[in-house]
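[1] Provided below are the primary sequence and the corresponding predicted coordinates.
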Amino acid sequence: PKVVQLTLIDKQILESYRSLVEGLGNYLGFGYEIVLHSLEDFKHSVVYIKNGEHTGRTVGAPITDKALELLVYFYETNTTQETYYSFNSKGEPLKSTTIAIQGENNRIIGLLCMNFYMNITFYDFIHEFIQNKDSAKENKPITETFASNVDDMIYTTLNSVKKEIYNNPNISSSNKNKEIIFALNNRGIFQIKDSVSVVAKLLNISKNTVYLHLRNCEDDSTK
């Protein structure tokens, strides 16, 4: 494999993977090392890394011999990913995945690599995924609606918002629908096509009333 001359679009594609590396690292926890390689410079291919302590690498580290071997394999077999087991420099076992990142004209311009540190204790592994009592107090669990269709999602979200509004004694009865519309707007519900009609029907109010409250939302945001 040879180094790749990256175009502007190639560089933008690689840059977009930085948030993926950060997000995967935060979600999976410190047992997983996530690495973004650019094939523009094999000597300093690591352009972003999360949890690099397991292999002792930082930004600017070179490409690995295994990654070079996989590049040959990718081109020869027309595949774009491979999962395998390896060891770090301390002889500690890793479960690894290398995924090809394709740029313009389907050229491989980078690699996304994930290395799971298999010596992590079971306690530490589980602790990454389960909130303890202290963190639960600080971070209220989030409810996410996984509906089979968009109307069900709107219905479920509306019911959740209604419960919050109706249980709030500081909101008068005459303002409850307005506050419900405000809350739904803040949750992005009205970005969905025909959501105004659905919400109006569920609240038993007119579409014009919904639009009136939405205009008030915009007026309040500009003040």
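    Arrived safely. Numbers count the residues shown, from 1 in each chain.

[2] Let me know the pLDDT of Val72.
    pLDDT, Val72: 94.

[3] And for Asp219?
    For Asp219, the model assigns a pLDDT of 68.

[4] Repeat that for Ile120.
    At Ile120, the model reports a pLDDT of 85.

[5] What is the burial count for it?
    By the criterion of other C-beta atoms under 10 Å, Ile120 has 16 neighbours. The C-beta positions use only the backbone N, C-alpha and C, and glycine is treated the same way.

[6] now Ile109
    By the measure other C-beta under 10 Å, the count of residues near Ile109 is 23.

[7] sec struct for it, please.
    Under DSSP: H, G, I helix; E, B strand; the rest coil, the three-state class of Ile109 is strand.

[8] Give the full set of residues in contact with the closest residue to it other than its chain neighbours.
    Leaving out its chain neighbours, the residue that sits closest to Ile109 by C-beta to C-beta, 6 or more residues apart in numbering is Gly103, at 3.7 Å. Gly103 makes contacts with Val4, Leu6, Thr7, Ile9, Asp10, Ile13, Leu14, Ile109, Gly110, as judged by C-beta atoms under 8 Å, 6 or more residues apart in numbering.

[9] make it 10 Å
    Contacts for Gly103 (C-beta atoms under 10 Å, 6 or more residues apart in numbering) come out as Val4, Leu6, Thr7, Ile9, Asp10, Lys11, Gln12, Ile13, Leu14, Leu39, Ile109, Gly110.

[10] all strands for the protein, in order.
    Applying DSSP state E to the chain gives strands spanning 32-38, 46-50, 81-87, 93-102, 108-117.

[11] what's the domain layout of this protein?
    Here the domain parsing of the chain from automatic domain parsing is 8-127, 143-222.

[12] Bridged to the nearest residue in space to Lys95 that is not next to it in sequence, which residues?
    Sequence neighbours aside, Phe116 is the residue nearest to Lys95 in space, at 4.4 Å (criterion: C-beta to C-beta, 6+ apart). Taking DSSP bridges as the rule, Phe116 bridges to Tyr32, Lys95.

[13] on that earlier part again, give me the buried subset of the contacts of Gly103.
    Buried by 16 or more other C-beta atoms under 10 Å: Val4, Leu6, Asp10, Lys11, Ile13, Leu14, Leu39, Ile109, Gly110, out of the contacts of Gly103.

[14] how much space between the fourth one and Val59?
    Taking C-beta to C-beta, to the nearest Å as the criterion, Lys11 is separated from Val59 by 16 Å.

[15] The longest helix along the chain vs strand 108-117, what angle?
    Longest helix in the chain by number of residues (criterion: DSSP state H): helix 8-28. Calculated by axes from the mean of the first three to the mean of the last three C-alpha atoms, to 10 degrees, helix 8-28 forms an angle of 10 degrees with strand 108-117.

[16] what does helix 8-28 contact?
    Helix 8-28 has contacts (C-beta under 10 Å, 6+ apart) with 4, 6-7, 32-40, 47-52, 99, 101-105, 107, 109-114, 116, 125, 128-129.

[17] quick one: it to strand 46-50, angle?
    20 degrees.

[18] Helix 8-28: which residues count as buried?
    Asp10, Lys11, Ile13, Leu14, Tyr17, Val21, Leu24, Gly25, Leu28.
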